[in-house]
Each structure stands twice: as structure tokens, then as C-alpha cells.
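Asks: What shape does this take:
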Amino acid sequence: MKDALDTYIDSIDHLPPTPTVVVRLISLFRKPDRDLDEVVSVMSLDPSLTAEVLRRCNSAFYGGEEQVIDVFDAIMRVGFYEVYQTAVAWFGQQAISRGPKTPGLEAELLWRHSAITAVASGQVGKKMGEAQWGPFTAGLLHDIGKVALSSAEGTKYASVVSKAGRFGPALDHEEKESFGFGHSEVGARLLHRWGVPLEISMPVFFHHYSAWPENYERSCAMVNLGNLVAHHIELGGAADMDLAPAEAAMAELGLGGNDLIEIANLTQAELATLDGMFNFGKPAKTAA
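Replies: Model prediction:
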């Protein structure tokens, strides 16, 4: 049964397309014994995605003397996770760049922030000894609701961004006051409608919160920290990180301030490595 949020989303003319291949890849990556041939088969369903994977795997960083010629070869050359990163990043970049040209929602800044959050969230997952694909995916898509809201509200959304800033819980609150829904709620519902599992959609919904639903505390905390680390990096990456907003997530994961600084440094190093392959670009300064 549809509720008010579903009705609102149904009224939006230009939504990101359902990422059928990405959703199927997520389903495969949830299996500990994922099958290589099945991954190749799923990715081959989208010729444009396949072409992009090959292009990026033949980039200066991964390119060897011989060119990667198919998805199987790409996985053997760079690994399952790296090819998965490429696929999810390709979808995220397409969804954000094809959003409406709304004043106040600059696609380049939103993409950079999403990309940095993805890498940072993945680094938190790695620090916790957990698979990186989940927090990476949720981090990459955590602000996808902004694309939907800006498409629905146009210049009204620009006014909200001007008042509350481009990022942070203040924006989510102002969105709810103005439109009835915040970007985190809209984004999580979009993912749910696409068939994305709860370990991805829950962190998207709760990435601005300091308390999380049972069984999803760790996944939400990882993306919460990834988002905070991304803001830190975008604002210059100074060593004096403000730890106050991160206290609840650090307590949930058993991390301290030094751990967060280490994660920020590892994130910056990984961004430098992945810059060419994922078109992340150099982090831009943004409003907190």
C-alpha cells in the first residue's frame, strides 16, 4: 500500500533510472560464494556499463602491457571488489550528473562528496574487519535523495539549500519542514523501491542520525562516520577534526579519535589512487 512518500516520489518526472544490473550485483555480492561466471553474465547485460568497466580498468593505474578485453579479464586483472566499485560508481555518477540543473545543487560537488563518502565508509568497514562493498555502496548513494528532491521542487529547493547549506543535518531538517520529506528519507525509499537490501538503504536513511535501528547499528554508524570524514576532507583535511558529531558512531564501533584520523588519511590515499579510474576528481571545498 502506497503512503505519502511513495505518492510524492511517483509525482516526480525525472528520477534516476532503476539500476537493475547494480541491484543484481549487490545480490551476488551478498553471497560469500559468489560465482565469477554469474557476475560476468550480469554485467554483460548492460553494454554501456561493460564498456565503462573496460575503459576504467585499462586506465593508467590498472592498465598493463595488454588491454583488458572483457569483464572476465577485468575481474581477473583487478579483482571482484574493484570491478564492483566501478559498476556502482558508474551508476552513481550517471544518476547525479543527469539530475536537473537546479541552482544550489551542483552535480560536480555532490558527486565528489558522494565519492569521498563511499571511499571513507569503505575504509571504516575495512577497519572493522567487515566487507567494504556494503558501506561503500551506501556511502556512494547516501545523498541520492537530493537529486529526486531537486527534480521535484526546482527553484524552491535552491532556496532551501541557500538557507540551510548544501550538506548536513540542517539541510535534511529544512527539507522536511519545506517539503514534508528530507533527502535521506527520499533516498532510502528510492533504494527500497529499486530492491536494494536494508543493509544499504538503512544507512542511507540514518546517515544524519546518532541512534540507529536494531540489527543495523554498525552499518549505519559506518556510513555516518564515512560522511563525517568526507566533510573533514572536503574542508581541507586538517588534523584537528571535530570529533563531537562522531561520538555516537565511534562509541558504537569502538573507535577513537586516532582511528578516525587514520581512516581520513587512508581515505585520502585511496582517493589519490582511484582518481583516474573513478573520475572522482580532487576534493572540493564545500559548506559543512
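
Asks: Could you verify my assumption that residue 255 touches residue 218?
Replies: No. Using Cβ atoms under 8 Å, residue 255 makes no contact with residue 218, being 11.3 Å away. (C-beta placed from N, C-alpha, C; glycine too.)

Asks: which ones are touching residue 95?
Replies: Residues near residue 95 by Cβ atoms under 8 Å, 6 or more residues apart in numbering: 16-17, 19, 144, 147.

Asks: now the helices for the stretch 101-250 of the chain?
Replies: Ranges of helices within the stretch 101-250 of the chain are 107-127, 133-141, 144-153, 155-164, 169-179, 183-194, 198-205, 217-234, 247-253, based on DSSP state H, counting those that start in this stretch.

Asks: which stretches of the chain have low pLDDT?
Replies: For the chain, the stretches with pLDDT under 70 are 1, 59-65, 99-104, 237-239, 275-288.

Asks: mind giving me the domain split of it?
Replies: By the assignment in automatic domain parsing, the chain contains the domains 17-98, 102-288.

Asks: got a list of contacts for stretch 195-204?
Replies: 23, 26-27, 30, 121, 134-135, 137-139, 141-142, 144-145, 184, 187-188, 191-192, 212-213, 216, 219-220, 222-224.

Asks: whoops, stretch 177-188 was the one
Replies: For stretch 177-188, the surrounding residues in contact (Cβ under 8 Å, 6+ apart) are 4-5, 8-9, 141-146, 148-149, 152-153, 156, 160, 171-173, 175-176, 201-202, 204-208.

Asks: same thing but 7 Å
Replies: For stretch 177-188, contacts defined as Cβ atoms under 7 Å, 6 or more residues apart in numbering pick out 5, 8-9, 141-146, 148-149, 153, 156, 160, 172-173, 175-176, 201, 204-205, 207-208.

Asks: Narrow the residues you listed to those that are buried.
Replies: 8-9, 141-146, 148-149, 153, 160, 172, 175, 201, 204-205, 207-208 (16 or more other Cβ atoms under 10 Å).

Asks: okay but residue 42 is in contact with residue 24, surely?
Replies: Yes. Residue 42 lies in contact with residue 24 (Cβ atoms under 7 Å); the separation is 4.8 Å.

Asks: Centre-most residue in the chain?
Replies: The centre of the chain sits closest to residue 140, judged by Cα atoms, centre = their mean, with a distance of 0.8 Å.

Asks: Name the nearest residue to that one, sequence neighbours excluded.
Replies: Leaving out its chain neighbours, the residue that sits closest to residue 140 by Cβ to Cβ, 6 or more residues apart in numbering is residue 118, at 3.7 Å.

Asks: Am I right that the one you found is in contact with residue 139?
Replies: Yes. Between residue 118 and residue 139 there is a contact at 3.9 Å, judged by Cβ under 7 Å.

Asks: out of the two, which sits in the busier spot?
Replies: Just comparing residue 118 and residue 139: by other Cβ atoms under 10 Å the higher neighbour count belongs to residue 139, 36 against 30.

Asks: about what we covered before: if you count surrounding residues, which of residue 42 and residue 24 has more?
Replies: Taking neighbours as other Cβ under 10 Å, residue 42 and residue 24 compare with residue 42 leading, 20 against 17.
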